[in-house]
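Undergrad: here is a sequence with its predicted model. Questions after.
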Amino acid sequence: MTAGASFEDRDAARDAVDTVMEHWLSLRPDLDFTPFAVMIRLARLRGIVEAEVDANLRAHGVRTPDFAALVTLMRIGGEGGVGQHRLADELGLTPGTVSVRIDRLVQTGLAERGPDPTSKRRTLIVPTPAGRDLFERVLPSHLFTEDRLLAALSDGERAQLTDLLRKLLVEFEPRQPATVSRAGLNLAPAHETISKRAAVGLDPAPGLLVRTVEPGSPADHAGLRAGDVLVDACGRDLRSRSRLDAILREYAAQPIELTALRGEGKVVIRLALAAPQESERHKEKDSS
């Protein structure tokens with residue numbers, strides 16, 4: 001909130017969670033309720049958004065889970081369809097759960113199972129003409145509903161919110177950022193690092209736990225070890241793998257200075273993605 005904002009502005013910016021927070025802070029001033037304030041807002045917004053989206057889809061005669069499966073099928077299936085396991089991966093569901101979704105699409109005439117020309121054991125899920133028609137009819141209304149629910153945010157605020165949500169979500173995805181992998185590092189995200197350190201009685205400092213170091217990699221040459229926790233790079237704190245990835249890309253072949261926790265101690269390590277040129281290595285040997 002900016003300095004000089006009027007009382008009316010401050011009051012208008014309050015929500016129901018602010019009142020809940022005030023109650024908790026008066027009851028337990030010894031605890032930090034900042035994470036709670038974020039999570040309860042996300043939970044309440046999710047409930048509101050899901051109810052609005054579901055109401056719009058039901059007005060078109062389709063359930064939200066079925067439409068999500070149909071949309072994904074249209075996106076990745078093409079003309080030939082897609083296998084059940086691929087669809088499950090895209091939806092983030094177990095094969096059993098996605099099988100139920102597929103059964104509903106088939107029962108309602110929105111999709112059908114067909115043979116996979118590359119395997120006699122597998123079937124492909126293909127949207128029917130009715131499914132394609134429903135997709136084309138409903139998608140514009142679905143997007144309009146989502147746009148309407150974000151009406152309070154400007155284009156810039158939407159972009160900012162997108163960036164923050166992406167930054168948080170990517171830390172829960174298993175894949176390592178490309179440049180981090182190129183350095184030879186397999187890193188646990190900060191939320192896992194905190195849990196693992198607390199479990200063994202260490203200070204639960206936010207940082208990136210080194211799970212493994214690839215032999216012969218830049219990280220190996222720099223002296224990083226499994227169990228190290230990276231907390232700083234070039235003077236910037238490391239709370240996400242994406243931030244380290246961005247710093248490595250920013251400095252390219254230049255060495256970066258990393259601060260890592262080893263147990264309760266700290267070590268400073270210089271990491272460079274590119275090995276020195278042959279001529280430079282000879283110079284180093286001559287000077288030594």
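TA: Structure received. Numbers count the residues shown, from 1 in each chain.
Undergrad: only C-alpha atoms for contact and neighbour calcs from this point on.
TA: Fine.
Undergrad: tell me which element the closest residue in space to Glu146 that isn't next to it in sequence falls in.
TA: Excluding the flanking residues, the one nearest Glu146 by Cα to Cα, 6 or more residues apart in numbering is Val53, at 7.3 Å. Take DSSP states H and E as the rule and Val53 turns out to sit in helix 34-59.
Undergrad: and the pLDDT at Asp203?
TA: pLDDT recorded at Asp203 is 85.
Undergrad: and the residue nearest to it when sequence neighbours are not counted, how many neighbours?
TA: Of all residues not flanking Asp203 in the chain, Arg197 sits nearest, at 6.4 Å (Cα to Cα, 6+ apart). Residues within reach of Arg197, counting by other Cα atoms under 10 Å, total 18.
Undergrad: now do the one 10 residues further on
TA: By other Cα under 10 Å, the residues close to Gly207 number 26.
Undergrad: got it, and Arg44?
TA: 11.
Undergrad: could you chop the protein up by domain?
TA: 1-152, 178-271 (automatic domain parsing).
Undergrad: adding distance to Thr162, write those out as a markdown table.
TA: Output for the domains of the chain, formatted as a markdown table (distance: least, Cα to Cα, whole Å):
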| stretch | distance to Thr162 |
| --- | --- |
| domain 1-152 | 12 |
| domain 178-271 | 15 |
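Undergrad: give the contact list for the residue nearest to Glu146.
TA: Neighbour list for Val53: Thr64, His142, Thr145, Glu146 [criterion: Cα atoms under 8 Å, 6 or more residues apart in numbering].
Undergrad: excluding covalently adjacent residues, which one is nearest to the third one?
TA: Excluding the flanking residues, the one nearest Thr145 by Cα to Cα, 6+ apart is Val53, at 6.7 Å.
Undergrad: in stretch 119-126, what counts as buried?
TA: Thr123, Leu124, Ile125, Val126 (16 or more other Cα atoms under 10 Å).
Undergrad: about what we covered before: and the residue nearest to Asp203, helix, strand or coil?
TA: The assignment at Arg197 comes out as helix when based on DSSP: H, G, I helix; E, B strand; the rest coil.
Undergrad: how about the contacts made by it?
TA: Contacts of Arg197 (Cα under 8 Å, 6+ apart): Asp203, Pro204, Ala205.
Undergrad: now list the buried members of these.
TA: Pro204, Ala205.
Undergrad: columns secondary structure and distance to Ala219 on top of the contacts of Arg197, output as CSV?
TA: Below are the contacts of Arg197 laid out as CSV (DSSP: H, G, I helix; E, B strand; the rest coil; distance: Cα to Cα, whole Å):
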residue, secondary structure, distance to Ala219
Asp203, coil, 24
Pro204, coil, 24
Ala205, coil, 21
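Undergrad: for the contacts of Val53, which one is nearest Leu134?
TA: His142 (11.6 Å; Cα to Cα).
Undergrad: how near is the closest one to Ala55?
TA: Distance, His142 to Ala55, by Cα to Cα, to the nearest Å: 10 Å.
Undergrad: Ser242 now?
TA: From Ser242 to Ala55 the distance is 36 Å (Cα to Cα).
Undergrad: what does Ile125 give?
TA: Distance from Ile125 to Ala55, by Cα to Cα: 27 Å.
Undergrad: repeat that for Leu91.
TA: With distances taken as Cα to Cα, Leu91 is found 21 Å from Ala55.
Undergrad: got it, and Ile76?
TA: Using Cα to Cα, Ile76 is found at 26 Å from Ala55.
Undergrad: what ranges does the stretch 1-150 of the chain have for its helices?
TA: For the stretch 1-150 of the chain, applying DSSP state H, counting those that start in this stretch gives helices covering 7-12, 16-27, 34-59, 64-77, 84-91, 95-107, 129-149.
Undergrad: comparing those by mean pLDDT, which bottoms out?
TA: Looking at these, the weakest mean confidence is helix 7-12, a mean of 48.
Undergrad: report the distance from stretch 121-141 to the chain centre.
TA: 28 Å (Cα atoms, centre = their mean, to the nearest Å).
Undergrad: got the CA positions of it in PDB?
TA: Once non-C-alpha atoms are left out, stretch 121-141 reads as follows in PDB (Å, rounded to 0.1, in the frame of the first residue of the first chain):
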ATOM      1  CA  ARG A 121      -2.600 -53.900 -27.100                       C
ATOM      2  CA  ARG A 122      -3.300 -50.200 -27.000                       C
ATOM      3  CA  THR A 123      -6.200 -48.000 -27.900                       C
ATOM      4  CA  LEU A 124      -6.300 -44.400 -28.800                       C
ATOM      5  CA  ILE A 125      -8.900 -41.900 -27.600                       C
ATOM      6  CA  VAL A 126     -10.300 -39.700 -30.400                       C
ATOM      7  CA  PRO A 127     -12.800 -36.900 -30.100                       C
ATOM      8  CA  THR A 128     -16.000 -37.500 -32.000                       C
ATOM      9  CA  PRO A 129     -17.600 -34.900 -34.300                       C
ATOM     10  CA  ALA A 130     -20.000 -34.200 -31.400                       C
ATOM     11  CA  GLY A 131     -17.000 -33.600 -29.100                       C
ATOM     12  CA  ARG A 132     -15.300 -31.300 -31.600                       C
ATOM     13  CA  ASP A 133     -18.600 -29.400 -32.000                       C
ATOM     14  CA  LEU A 134     -19.100 -29.000 -28.300                       C
ATOM     15  CA  PHE A 135     -15.400 -27.800 -27.900                       C
ATOM     16  CA  GLU A 136     -15.900 -25.200 -30.500                       C
ATOM     17  CA  ARG A 137     -19.200 -24.000 -29.000                       C
ATOM     18  CA  VAL A 138     -18.100 -23.900 -25.400                       C
ATOM     19  CA  LEU A 139     -14.500 -22.700 -25.500                       C
ATOM     20  CA  PRO A 140     -15.200 -19.000 -26.300                       C
ATOM     21  CA  SER A 141     -17.700 -18.900 -23.400                       C
END
